[in-house]
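J.: Here is my input; please provide its structure:
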Amino acid sequence: QVQLVESGGGLVQAGGSLRLSCVVSGRTFSSFAMGWFRQAPGKGREFIATISRSFSTYYQDSVKGRFTISRDNAKNTVYLQMNNLKPEDTAVYYCAADEGGTILTTRHQYDYWGQGTQVTVSS
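T.: Coordinates of the predicted model:
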C-alpha cells in the first residue's frame, strides 16, 4: 500500500519562502514520477510541477523561476522549494505519485495522492 505524507506548509508573508516535503512509503520510490498540485478555495486542482524517475522536470508557467521540484531517492522524498511567494499561491498543496515514471501534468494520470498541506501567503 502506497502512502504519501506532505509536510512543510504554513503561513508566510508575500516574498517569503517555504519548502514542502512529501515522503512516500510502500513501494520503490525511485521508480515513481512525482508531481505537485494545488487547490485554492473554490477552484480545481491545478498542476504545479513534476519530476520523472530520471530527474527530468517540468513546471506550470506561473511558478517557473520561483518554485523548484527535486527528489531524494535515498530518503523516499520529493520536495517543492517555493520562493518569492505571492498571495495567489495560497492553496492546499498535494503531492502525487505515478508508477509510470515519466513526466505527467494531468491529475488523472497519477496513481496515488497525499492528504495535502495548507500554504497561506499573506500580503
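J.: What mean pLDDT does stretch 98-114 get?
T.: Averaging pLDDT along stretch 98-114 yields 91.
J.: now swap in stretch 23-37 and tell me
T.: Mean predicted lDDT for stretch 23-37 stands at 94.
J.: how about it as PDB, C-alpha atoms only?
T.: Provided in PDB are the C-alpha atoms of stretch 23-37 (Å, rounded to 0.1, in the frame of the first residue of the first chain):
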ATOM      1  CA  VAL A  23       7.600  11.200   2.000                       C
ATOM      2  CA  VAL A  24       6.500   8.100   0.100                       C
ATOM      3  CA  SER A  25       6.200   4.600   1.500                       C
ATOM      4  CA  GLY A  26       5.000   1.200   0.400                       C
ATOM      5  CA  ARG A  27       6.700   0.900  -3.000                       C
ATOM      6  CA  THR A  28      10.100   1.600  -4.600                       C
ATOM      7  CA  PHE A  29      10.200   5.400  -4.600                       C
ATOM      8  CA  SER A  30      12.800   5.700  -7.300                       C
ATOM      9  CA  SER A  31      10.500   4.200  -9.900                       C
ATOM     10  CA  PHE A  32       7.800   6.800  -9.500                       C
ATOM     11  CA  ALA A  33       7.200  10.000 -11.300                       C
ATOM     12  CA  MET A  34       6.300  12.600  -8.700                       C
ATOM     13  CA  GLY A  35       4.100  15.700  -9.000                       C
ATOM     14  CA  TRP A  36       2.900  18.700  -7.000                       C
ATOM     15  CA  PHE A  37      -0.600  20.100  -7.400                       C
END
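J.: mind checking how far it is from the chain centre?
T.: 11 Å (C-alpha atoms, centre = their mean, to the nearest Å).
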